[in-house]
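Student: Need the 3D shape of this:
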Amino acid sequence: MKHSDTIHITVIVDNSALPGFASEHGFSLWIEARGVKILFDAGLGSAFSRNRERLGIDLSETDWLVLSHGHYDHTGNIAPALEAAPKAKVCLHPGAFTDRWSIRGGVAKPTMMPEASRRALEALPEGRMVYAEGPVELAPGVHLTGPVPRRNAFEDPGGPFYLDTEGKRPDPIEDDLSLWIETKEGISVIAGCCHSGILNTIQHIFTLTPERRVASVMGGLHLSKASDDRIVNTAEGLRRLDVGRVVTSHCTGEGATERFRELLACPIEASRAGMQLTLP
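Tutor: You can find the predicted model right below:
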């Protein structure tokens, strides 16, 4: 069966929201593309269920639950999501189960997946879990990057992330994955937090496909605490790639979004919970 290459995205959870929807520091998208329905990340807390119900999203139709990485603000509602989607397969990198922390001001804050979410995943039968230790095709034209090589030195993981509470073992967040979808206008890239760096991510995708047109980029780019030099370097890289549209989300930050508007000629917009978009 031939499917449209139009991508329909509904923002379930984001750091800001349209009137009547809840916001929280988390991220979750409902993606319909190429005949499959994907729940991309599962938010942090109660905004997920409140917004999903208002949007009328039926999780029982989920084909895939994709986890961009194992941080708490993307994995908070895995248990109720799986309960509502008994036939969905789950795709994630095995490193998503890693214990990890962020350390600011000498205080270690746990950033790992909540225990209830971990238990729900571990209870799944073997056939429902797919580990993205390399690229994965979810459906014809719908792909996950697998781990992304870090080629650009300026694209660090984006924060004080560690594998211990003493700050001696930096966390490279190797489980970071992004989604990419083939369209007639080029690839559309959808990121959760993009701890690998969006330019590293696109360069990796270019090793997986002969396509060199980037129709759109959407998602968290983890630039909210980035230096202006990094934001400018990122914008310059996107400009060289002639990206057709950028939709910033979650951890990108208002400052980076505004700088993109100054530095890029393509349409730039910030997503909000409750938004419904068509890409590219």
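Student: Now residue 39: which helix or strand?
Tutor: For residue 39, the element it lies in under DSSP states H and E is strand 36-40.
Student: for that strand, packing partners?
Tutor: The helices and strands touching strand 36-40, judged by 3 or more Cβ pairs under 8 Å, 6 or more residues apart in numbering; DSSP states H and E, are strand 28-33, strand 64-66, strand 136-139. Where C-beta positions appear, they are placed from N, C-alpha and C, glycine not excepted.
Student: strands paired with the shortest one, and their directions?
Tutor: Yep, that's strand 64-66 we're talking about. Applying DSSP bridges, strand 64-66 is found paired with strand 36-40 (parallel), strand 89-92 (parallel).
Student: Looking at the shortest one now, give me its mean pLDDT.
Tutor: It stands for strand 89-92. Averaged across strand 89-92, the pLDDT comes to 98.
Student: same thing with the longest one?
Tutor: Along strand 36-40, the predicted confidence averages to a pLDDT of 98.
Student: Of all the helices and strands packed on strand 36-40, which one is nearest residue 256?
Tutor: strand 28-33 (19.2 Å; Cβ to Cβ).
Student: Reformat the strands paired with strand 64-66 as JSON lines; add distance to residue 118 and mean neighbour count.
Tutor: Converted to JSON lines, the strands paired with strand 64-66 look like this (distance: least, Cβ to Cβ, whole Å; neighbours: other Cβ atoms under 10 Å):
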{"stretch": "strand 36-40", "distance to residue 118": "17", "mean neighbour count": "23"}
{"stretch": "strand 89-92", "distance to residue 118": "11", "mean neighbour count": "21"}
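Student: Among the ones you listed, which comes closest to residue 114?
Tutor: Closest among those, using Cβ to Cβ: strand 89-92, at 14.3 Å.
Student: Would you mind pulling up the elements that whatever helix or strand comes next after the strand holding residue 39 packs against?
Tutor: Following strand 36-40 in sequence order, the next helix or strand is helix 47-55 (DSSP H and E). Helix 47-55 sits against strand 7-13, strand 28-33, helix 78-84, with contacts defined as 3+ Cβ pairs under 8 Å, 6+ apart.
Student: what sits up against the longest helix anywhere in the chain?
Tutor: Counting residues, the longest helix found in the chain (DSSP state H) is helix 228-240. Helix 228-240 is contacted by residues 152, 154-155, 197-199, 214, 217, 221, 223, 226, 246, 255-256, 259-260, 263-265 when judged by Cβ atoms under 8 Å, 6 or more residues apart in numbering.
Student: still on that earlier bit, redo the helices and strands packed on helix 47-55 as CSV? Include mean pLDDT and mean neighbour count.
Tutor: Compiled in CSV, the helices and strands packed on helix 47-55 are given as follows (pLDDT from 0 to 100; neighbours: other Cβ atoms under 10 Å):
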stretch, mean pLDDT, mean neighbour count
strand 7-13, 97, 24
strand 28-33, 97, 24
helix 78-84, 97, 19
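Student: follow-up on the earlier one: export only the CA atoms of the longest helix of the chain, formatted as PDB.
Tutor: Output in PDB follows, covering the C-alpha atoms of helix 228-240 (Å, rounded to 0.1, in the frame of the first residue of the first chain):
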ATOM      1  CA  ASP A 228      26.100  32.100  21.800                       C
ATOM      2  CA  ASP A 229      29.100  30.700  19.900                       C
ATOM      3  CA  ARG A 230      27.500  27.200  19.900                       C
ATOM      4  CA  ILE A 231      24.100  28.600  18.900                       C
ATOM      5  CA  VAL A 232      25.700  30.600  16.000                       C
ATOM      6  CA  ASN A 233      27.700  27.500  14.900                       C
ATOM      7  CA  THR A 234      24.600  25.400  14.900                       C
ATOM      8  CA  ALA A 235      22.600  28.000  13.000                       C
ATOM      9  CA  GLU A 236      25.400  28.300  10.400                       C
ATOM     10  CA  GLY A 237      25.500  24.600  10.000                       C
ATOM     11  CA  LEU A 238      21.700  24.500   9.400                       C
ATOM     12  CA  ARG A 239      22.000  27.400   7.000                       C
ATOM     13  CA  ARG A 240      24.700  25.500   5.000                       C
END
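Student: Beyond it, next helix or strand please.
Tutor: Heading C-terminal from helix 228-240 (DSSP H and E), you reach strand 246-249.
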